[in-house]
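*Asks:* Okay, predicted coordinates and the sequence, questions at the end:
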Amino acid sequence: MNKVSNTSVKTLNHKVSLTSTRGLTTIAMLSAISVILMLFEIPLWFAPSFYEIDLSEVPVLIGAFALGPVAGVVIEFIKILLNLIINGTVTAFVGEFANLLIGCALVVPAAMLYQSKKTRKSATIGLIIGTVFMTAVGSVLNAYLLLPVFAKAFNMPMEALIEMGTAVNPNIQSLSGFILLAVTPFNLLKGIIVSLVTLLLYKRVSRIIKGFHD
């Protein structure tokens with residue numbers, strides 16, 4: 001009886017190899033699920049229409065928790081690549097680049113902290129830190145890189161982008177207002193929602209992932 005019990009515990013705690021056939025299969029499966037989830041976007045009342053929340057980071061986080069932060073980056077990259085192949089781009093690749101960088105800003109710190117001590121508490125703390133980091137990185141990148149490049153790619157002045165924000169929220173009157181009242185709450189809300197869903201699903205899904213391995 002003890003022998004069977006110990007064997008079961010050993011199986012569940014077995015470290016999943018990133019480069020094993022089944023590890024690569026897991027990455028492919030989670031990437032495919034992420035692409036599907038990208039199709040279901042939720043518009044927000046406080047931000048322009050090109051800011052929409054989806055749950056595609058949930059499979060990325062699950063993969064990063066199960067296989068490590070490198071796996072999370074790989075899943076994030078494959079997700080973006082597959083979405084480009086299937087749906088193309090309507091943002092001159094700016095949206096996809098933003099999704100990759102900002103997604104990794106959430107996934108990498110969360111997975112790194114969880115890998116140091118695999119408990120629900122460390123996962124929660126990691127997701128909180130990841131959400132804060134993603135929110136900060138997203139705000140800085142949008143202000144100094146993504147929004148200026150987006151405006152230039154579509155030959156529009158920055159004022160036109162700001163006016164899109166003003167149409168949704170009259171308090172948005174400048175780029176800093178756009179960042180503080182649209183971009184920052186968008187990334188914060190996305191981080192919270194994705195984190196909560198990940199915490200609800202991870203243990204159950206991780207058992208399935210580890211069950212692939214003898």
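*Replies:* Okay, I see it. Numbering: from 1, shown residues only.
*Asks:* ok, now how distant is the residue lying closest to residue 126 once chain neighbours are set aside from residue 26?
*Replies:* The shortest distance from residue 126 to any non-neighbouring residue, by C-beta to C-beta, 6 or more residues apart in numbering, is to residue 113 (3.5 Å). From N, CA and C alone the C-beta is placed, and that goes for glycine too. Distance, residue 113 to residue 26, by C-beta to C-beta, to the nearest Å: 21 Å.
*Asks:* quick one: which of those two has more around it?
*Replies:* Neighbour count, other C-beta atoms under 10 Å: between residue 113 and residue 26, residue 26 has more, with 26 against 19.
*Asks:* one step back: am I right that the residue nearest to residue 126 sits in a helix?
*Replies:* Yes. Residue 113 sits within a helix when classified using DSSP: H, G, I helix; E, B strand; the rest coil.
*Asks:* List the contacts of it.
*Replies:* 122, 125-126, 129 (C-beta atoms under 8 Å, 6 or more residues apart in numbering).
*Asks:* top of the residues you listed by neighbour count?
*Replies:* residue 126 (26 neighbours).
*Asks:* In three-state terms, label it for me.
*Replies:* On the three-state scheme (three-state DSSP), residue 126 is labelled helix.
*Asks:* My guess is it contacts residue 106. True?
*Replies:* No. Using C-beta atoms under 8 Å, residue 126 makes no contact with residue 106, being 9.9 Å away.
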